[in-house]
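1. only geometry, no sequence info:
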Ligand SMILES: Nc1ncnc2c1ncn2[C@@H]1O[C@H](COP(=O)(O)OP(=O)(O)OP(=O)(O)O)[C@@H](O)[C@H]1O
Ligand SMILES: [Mg+2]
Ligand SMILES: [Zn+2]
């Protein structure tokens, strides 16, 4: 016997064999037993999910010599002819290649004649959305009132292209995409019967690549068998599908968790030299991070994740090291990177930068947590809570301007004027907002808004001197203070201690009072002890982990 592809060989011949379309199969079976056969059905759903298969089984059920029956015998001439596609009373018409009015006229003509041998004349019209408007119109009348012995089964992958006039004359069934697990089980069954040795991982990769189409799954398995013979190896399947090994995706995720940019670049190199393209890696990473998120939220037994059982346990462990916020942030970065890669002249560069942004996002998240831990709390060894803000004044420990990415803090009474201005301008310009992030503070003096920069931030100050930028800041002051202020951008000439600055007149209520009551410098010995205590503080250590310093960290008292 000649070779038959798996998809044809394994076409279900009874309602019971149809995978994943329970609702449609049940309703059709009920209609047959209750003898309530409609004269027109419409089967809609993506490719390869059982529309044609179900249409043929329905045709057999209606015409089987022992029928109408929900269990066609598959043995009588009528059943056999339908199976082989040679029945004269069950006609399959491909609307994609017979789209015109003439073909439909011909069809209308043949509808008038009774079935040659069988009970019903069944017309299966595939891809019905391809018909021309005239052809649809010509079909309408026939669909409306066909002779009692005629049943139409229309099938389409694009329901939205089928006119409402046709829809309203048919009983409509939705054929859903087949789930990963259903595809996996069906492929396992087929492989077993065909005596093919294939591991779960290889089948899992095929099931995932089928994207809900069982026919695609079967065709891919066919290809894998042609490539590998009776023993299908995971490696070869991955090459065939061109997918990135699961292990590599996990390594990239681990490197992001460990904030190891170097490792990420090495992994990217490995993927690209093995012939995969950047876009594909990004898409698979999206899938991977989605899976991490799903397992985290829904647990590892959820059917939402298409992965073999042993992978799920590892996904859960990896997911536990990340927050939901981390994962959604990563996902957004990957989506953006995917967009950038489209049509990019430098795909590798975009890929690398995208992944490094993920590492940075992880760092920022850590920073946010730390800041949250500090807020409303005192630095170890500080005499008063508000001095906790002191590190913000030092250039060395100032968070980088990108901190804006994590969203401006909600305005509270404790938010400084500078922060509120930054937030107000951030809607209009992130650039201006992040340059303002490098300022020391903002104060109101009369009708003047003074924004001060340390000498080291002269550059940021200079970049804001543009009329438009100043205008934007003035507008923000209008919004916040209810009056329009003149904007002065000042550079502190020498690293003068803050309390030497001219006192603001009138002093803004939200500003930290100058550290006039700062404690007197303690004795040298106690200073060393205090340094030690600060450096050993858990939160300070976390900071140092996020922002490592070169050499030994030191504690400096701010004047
Ligand atoms: N629900 C299903 N259960 C079992 N096998 C299926 C199912 N869907 C598809 N298959 C397999 O895929 C093959 C093709 O299915 P079928 O022709 O019914 O798909 P279709 O929905 O009509 O697709 P298309 O829209 O591309 O015409 C079948 O022969 C069978 O092997
Ligand atoms: Mg079909
Ligand atoms: Zn039969």
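-> Right, received. Where do you want to start? Keep in mind that what you see is a predicted model, and the values were worked out from it rather than measured. Ligands and ions are numbered 1, 2, ... in the order given.

2. Quick check: mean pLDDT of the helix ranked longest in the chain?
-> Identified as the longest helix of the chain according to DSSP state H is helix 347-374. Helix 347-374 carries an average pLDDT of 81.

3. can you give me how far the following helix or strand past that helix is from the chain middle?
-> Later in the chain than helix 347-374, the nearest helix or strand by DSSP states H and E is helix 417-426. Going by CA atoms, centre = their mean, to the nearest Å, the spacing between the C-alpha centre of helix 417-426 and its chain's C-alpha centre is 32 Å.

4. just checking, what packs against helix 417-426?
-> helix 430-436, strand 441-445, helix 467-481 (3 or more CB pairs under 8 Å, 6 or more residues apart in numbering; DSSP states H and E). C-betas here are computed from N, CA, C, even on glycine.

5. Check which residues of the longest helix of the chain are buried.
-> Neighbour counts over helix 347-374 (16 or more other CB atoms under 10 Å) mark 347, 350-352, 354-359, 361-368, 370-371, 374 as buried.

6. Please name the nearest non-neighbouring residue to residue 7.
-> Closest residue to residue 7 apart from its sequence neighbours, by CB to CB, 6 or more residues apart in numbering: residue 218 at 4.2 Å.

7. any chance you could map the strands in the stretch 451-559 of the chain?
-> For the stretch 451-559 of the chain, strands defined by DSSP state E, counting those that start in this stretch occupy the ranges 486-491.

8. just the helices in it please.
-> Along the stretch 451-559 of the chain, counting by DSSP state H, counting those that start in this stretch, helices occupy 458-463, 467-481, 524-536, 538-546.

9. Output those helices as TSV; include the columns mean pLDDT and mean neighbour count.
-> TSV is the format used below for the helices of the stretch 451-559 of the chain (pLDDT from 0 to 100; neighbours: other CB atoms under 10 Å):
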stretch	mean pLDDT	mean neighbour count
helix 458-463	81	16
helix 467-481	87	17
helix 524-536	81	12
helix 538-546	72	14
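
10. Adding distance to ligand 3, write the ones you listed out as a markdown table.
-> Output for the helices of the stretch 451-559 of the chain, formatted as a markdown table (distance: least, CB to the ion, whole Å):
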| stretch | distance to ligand 3 |
| --- | --- |
| helix 458-463 | 83 |
| helix 467-481 | 79 |
| helix 524-536 | 84 |
| helix 538-546 | 72 |
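
11. Which of these sits closest to ligand 2?
-> helix 538-546 (56.1 Å; CB to the ion).

12. The closest one versus helix 524-536: what angle between them?
-> Here helix 538-546 runs at an angle of 70 degrees relative to helix 524-536 (axes from the mean of the first three to the mean of the last three CA atoms, to 10 degrees).

13. what is the orientation angle of helix 538-546 with helix 347-374?
-> Using the same axes, to 10 degrees: helix 538-546 against helix 347-374 is 170 degrees.

14. Can you spell out which helices and strands pack onto helix 538-546?
-> In this structure, helix 538-546 makes packing contacts with helix 347-374, judged by 3+ CB pairs under 8 Å, 6+ apart.

15. Mind giving me the packing neighbours of the helix or strand harbouring residue 317?
-> Using DSSP H and E, residue 317 sits within helix 309-320. The contact analysis (3+ CB pairs under 8 Å, 6+ apart) places helix 309-320 against helix 246-257, helix 278-298.

16. Make TSV from those and add distance to residue 11, mean neighbour count and mean pLDDT to it.
-> Output for the helices and strands packed on helix 309-320, formatted as TSV (distance: least, CB to CB, whole Å; neighbours: other CB atoms under 10 Å; pLDDT from 0 to 100):
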stretch	distance to residue 11	mean neighbour count	mean pLDDT
helix 246-257	31	19	91
helix 278-298	30	20	91
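
17. Could you check how far the closest residue to ligand 3 within the stretch 301-450 of the chain is from residue 313?
-> At 36.4 Å from ligand 3, residue 303 is the closest residue in the stretch 301-450 of the chain, using CB to the ion. Distance of residue 303 to residue 313, computed by CB to CB, to the nearest Å: 16 Å.

18. just residue 554 next, same as before
-> Distance check for residue 554 against residue 313: by CB to CB, it reads 45 Å.

19. So these two - more neighbours on which side?
-> Each of residue 554 and residue 313 has its neighbours counted (other CB atoms under 10 Å); residue 313 has more, 12 against 8.

20. Not counting sequence-adjacent ones, nearest residue to the more buried one?
-> Distances taken as CB to CB, 6+ apart place residue 300 nearest to residue 313, at 6.4 Å, with adjacent residues excluded.

21. about what we covered before: for the helix holding residue 317, give the mean pLDDT please.
-> 88.
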